[in-house]
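Undergrad: can you look at this prediction? I've put the sequence above it.
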Amino acid sequence: MIIRKPINLELTQLSGQTSQPPWINVGDSFREVLMVNEKPVLFDVKQSGDYLDFNFTGDISKKEAIHSLNYIYDLDFDLNKFYNYLSNQAELEEMSEFCKGLRLFLANDPFECIISSICSANNSIKRWTKSIRDMKEKWGNNYFDYYYTFPDKSIIQDIYEDDNEELLFGDKPCGNNLKSCGVGYRAPYIKKASHIFTLEMDLSEISKMDYEEAFETILKVPGVGPKVADCILLYGFNFKEAFPSDVWIKRIVSHLYFDGKDINVSKVRDFGMDEFGDYAGYVQLYLFHYARMSGLMSKLK
DNA sequence: CGTCAGGTAAAAA
DNA sequence: TTTTTACCTGAC
């Protein structure tokens, strides 16, 4: 079945957005199990011309499946209107050429996005995605033979941090702890964050807040600074006005808008939100991949 | 083998 | 308030 809205699936899947790791690549498809209305559904998506071709297995209607995919791949976002916006600005006009069809890859499970985003801090895409995959396979639920959901917050909060803790308090051999997933010093942040979202902070409340309140709220979580908070709000909760600013976005923005002058990351965030408004999230996504694919990134390094 | 990258938290200025 | 430093791990 085809959804007639343009997307570049592979680019979107492999763009390192911290909603989740890429889905499992099988032949020319990407597959993953998602919980939809509390039922496990195996999705299979692939590129068909400019569009998304999909199949699914699970106890939901076709309408519900399309609704999920529309959200996750942000298919109702008007790319052509966005490209028109980009083409009207000297600094941005080249970007759509390099990333045509790139869309937000939004979280089906906001908690997975929170942990992914915490893991992504001071880390490489390759390493944090492997950590999340490891956590799914160790403690998530297994469906359709090879697929795993991300474990619930109430599970993660009780996982041992490292080998020492496991040896001291556990009754199982080593390897069943957070650090064994390669998360390094983020292990205590992950545990504390899981605890907070299990007992103190309601995820559904975050989506009801306005952007500023949600940002301040989520900043209180250990391991969540401004960059991670903006990733969580953008990829986990679809706050498109977020402009996650890291060292690369700083370099690119500084090159395009400030004549290469060194400016601090928090100024870059203010600039991006002010300059791009509701397009901030998309501009951030496109800036990063434009720089990556145009060769600008190696030039700035 | 050493060096480096990359956000956050905590210490220091 | 702003700036500096330590933190795990994998890539090189």
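TA: Good, I have the coordinates.
Undergrad: hey, let's count contacts and neighbours off CA atoms from now on
TA: Fine.
Undergrad: let me know the pLDDT of residue A:154.
TA: We have a pLDDT of 96 for residue A:154.
Undergrad: residues contacting it?
TA: Going by Cα atoms under 8 Å, 6 or more residues apart in numbering, residue A:154 touches A:194-195, A:198.
Undergrad: what helix or strand is it on?
TA: helix A:153-156 (DSSP states H and E).
Undergrad: what distance separates the helix or strand just after that helix from the centre of its chain?
TA: Using DSSP H and E, the helix or strand that follows helix A:153-156 towards the C-terminus is helix A:163-169. Mean-position distance between helix A:163-169 and its chain equals 31 Å (Cα atoms, centre = their mean, to the nearest Å).
Undergrad: right, is helix A:163-169 up against DNA strand C?
TA: No. Figure legend: helix A:163-169 not in contact with DNA strand C (Cα under 7 Å from any atom of the strand); closest approach 9.7 Å.
Undergrad: give me the contact list for that helix.
TA: Under the contact criterion Cα under 8 Å, 6+ apart, helix A:163-169 has outside partners A:160, A:172-177, A:179-180.
Undergrad: pLDDT check: weakest of the residues you listed?
TA: Within the contacts of helix A:163-169, the minimum per-residue pLDDT falls on residue A:173 (71).
Undergrad: give me the residue from the stretch 151-300 of chain A nearest DNA strand B.
TA: In the stretch 151-300 of chain A, no residue comes nearer to DNA strand B than residue A:225, which is 2.8 Å away by Cα to the nearest atom of the strand.
Undergrad: tell me which residues touch that residue, please.
TA: residue A:219.
Undergrad: gap between it and residue A:121?
TA: Computed as Cα to Cα, to the nearest Å, the residue A:225 to residue A:121 distance reads 9 Å.
Undergrad: near DNA strand C, which residues of the stretch 51-200 of chain A?
TA: Those residues of the stretch 51-200 of chain A that sit near DNA strand C, judged by Cα under 7 Å from any atom of the strand, are A:123, A:126-127, A:179-180, A:182-185.
Undergrad: again, only this time at 6 Å
TA: With Cα under 6 Å from any atom of the strand as the criterion, the stretch 51-200 of chain A meets DNA strand C at residues A:127, A:179, A:182-185.
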